[in-house]
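# I need the structure of the sequence given here:
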Amino acid sequence: MHLDRDLTTGLGIAEDSTEDEASAAIVAFISSANQDDTHEIKLSHLYHLVTKTCSARLLDALNTLPLLVPSRDPGARDILSLIGECCSAKEVVMAVQETIERLGSATDSEDDDEAVALPLSSQLATCVELYTSSIPRLKLRRKTAAETLKPLFSDLETAIDSNGKQATRDEGRILITNCSQLVAKLISWVADVERDSKDCNVVPQLMFKNFIDNVLTTFSHCICSSLAQRDFEAFFPRLTIHTAVDSDWQEGEDAVGEAIKAYSLLGISTTSLSSPPSTSSLILLSHSEIGERLSSELLRQLLPALLASLQSNTALDESLSVLLRILNRLHSQPRVELSPEIIIPLCTTLPPLANHHPDPLVRHQIFRVISWLLALSSTQLRLDILTG
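Now for the predicted structure:
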């Protein structure tokens, strides 16, 4: 196919060049842009050149992705979007998988110069976006959807586990959002490609659930939606002069909202929580409307997950929010008394946390929870706890 004159001129190659030569010139352009300390060579110029000449087919996913994914140049994201949507789906998936394998074994300090390369968590988020746009374009032949997806998700989970602690608040929220949107997209894709099979959907559905569970748990420290503080201020308005809720709490809430949508597509809701409940189910529950379910029975069911959360300081905001909401409901009802099986473990775990947590808002929330627990205990048990 004859190359557009504007493209050959922009790339500095002969008008009679072949498509392979044009693809090689594009790779060279991207490599030069990454090495250009003066920023005179801009990837946005290449993006506009490719789109103007309808030449997205010339983008070589296997050779350009390793150069574009770490790049901080804003034009890199635009070119990556083109690759994800227009290039060979098989080649894009292969290139993304190779990049994710690298991210799973790298650290930010070992990766490219931090002034040039994006943080690993941001690179991972970009890879997830590329999977979202490319995997649904794959044409399955001998393999089932489950067989195709299993190694991809295995590598992705490894990279997520490796980069979870390094992720900033914004990076973690983006990854929760992107991973949830990936699952939502693939649920419909699997249903479509496995339409005639009754059994092939089961494995992907379980894999998707476990994946979202892991993503929520790994990046729980990035949600930061001020759940417990918002509940505290609603229940104790007289103690609130100025709100202490984080200004960007909505972004965290929106990220979890995407996960809830993915769970919903999997047929999972707050009425179908795993047994015993996990950290992920605790997060799902805390970010859902559960007013009608607030009861001592729900507290009993959630107790193992709540204790694990409090002891490990994982999803602490969500755990305190659930405790505040349930105890507030119980405290407003007459003659409610919680069993020692609930009171004692919580009153053993919460005081050390209240004494040592660095955030005064969290300490205040915990003290209110302890106060309510004591008020809902029997007189003798209350005395035993206070004197013990």
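
# Okay, now the unreliable bits of the stretch 51-200 of the chain?
Within the stretch 51-200 of the chain, the stretches with pLDDT under 70 are 107-116, 196-200.

# which residues of it fall in helices?
Ranges of helices in the stretch 51-200 of the chain, per DSSP state H, counting those that start in this stretch, are 61-68, 74-86, 89-105, 120-134, 145-163, 169-193.

# again with the stretch 251-388 of the chain
Secondary structure of the stretch 251-388 of the chain by DSSP H, counting those that start in this stretch: the helices cover 279-286, 296-312, 316-331, 340-356, 360-375, 379-387.

# Among those helices, show me which one is buried the most.
Among those, helix 279-286 has the highest mean neighbour count (mean count of other CB atoms under 10 Å), at a mean of 24. Glycine gets a C-beta too; all of them are placed from N, C-alpha and C.

# still on that earlier bit, any chance of the helices of the stretch 251-388 of the chain in TSV, plus distance to Asp36 and mean pLDDT?
Output for those, formatted as TSV (distance: least, CB to CB, whole Å; pLDDT from 0 to 100):
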stretch	distance to Asp36	mean pLDDT
helix 279-286	44	93
helix 296-312	46	94
helix 316-331	44	96
helix 340-356	50	96
helix 360-375	47	96
helix 379-387	67	92
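
# okay, the ones you listed in JSON lines with distance to Thr168 next?
Formatted as JSON lines, the helices of the stretch 251-388 of the chain follow (distance: least, CB to CB, whole Å):
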{"stretch": "helix 279-286", "distance to Thr168": "19"}
{"stretch": "helix 296-312", "distance to Thr168": "21"}
{"stretch": "helix 316-331", "distance to Thr168": "17"}
{"stretch": "helix 340-356", "distance to Thr168": "24"}
{"stretch": "helix 360-375", "distance to Thr168": "20"}
{"stretch": "helix 379-387", "distance to Thr168": "40"}
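
# Of all those helices, which one is nearest Ala228?
helix 316-331 (3.9 Å; CB to CB).

# I'd like to know which elements the closest one is packed against.
helix 220-223, helix 227-235, helix 279-286, helix 296-312, helix 360-375 (3 or more CB pairs under 8 Å, 6 or more residues apart in numbering; DSSP states H and E).

# between those helices, which gets nearest to Leu323?
Nearest to Leu323, of all those, is helix 360-375, at 4.9 Å by CB to CB.

# just the angle between the closest one and helix 340-356, please?
Counting by axes from the mean of the first three to the mean of the last three CA atoms, to 10 degrees, helix 360-375 points 150 degrees away from the direction of helix 340-356.

# ok, how many other residues are close to the residue nearest to Gly172 when sequence neighbours are not counted?
Computed as CB to CB, 6 or more residues apart in numbering, the closest residue to Gly172 that is not its neighbour in sequence is Cys222, at 2.4 Å. A count of neighbours around Cys222, defined by other CB atoms under 10 Å, yields 21.

# How about the one 5 residues further on?
Around Leu227 sit 26 other residues, with neighbours defined as other CB under 10 Å.

# ok, it touching Ala315?
No - counting by CB atoms under 8 Å, no contact exists between Leu227 and Ala315, whose distance comes to 9.8 Å.

# what do the two both touch?
Shared contacts of Leu227 and Ala315, defined by CB atoms under 8 Å, 6 or more residues apart in numbering, are found at Ser286.

# just the helices of the stretch 51-200 of the chain: most buried one?
Neighbour counts (mean count of other CB under 10 Å) averaged over each of those peak at helix 120-134, with a mean of 23.

# Point out the other helices and strands that that helix packs with.
helix 74-86, helix 89-105, helix 145-163, helix 169-193.

# how big is the angle separating the third one from helix 89-105?
Computed by the same axes, to 10 degrees, the angle separating helix 145-163 from helix 89-105 equals 30 degrees.

# that older thread, which one of the helices of the stretch 251-388 of the chain lies closest to Ile79?
Of the helices of the stretch 251-388 of the chain, nearest to Ile79 by CB to CB is helix 279-286, at 34.8 Å.
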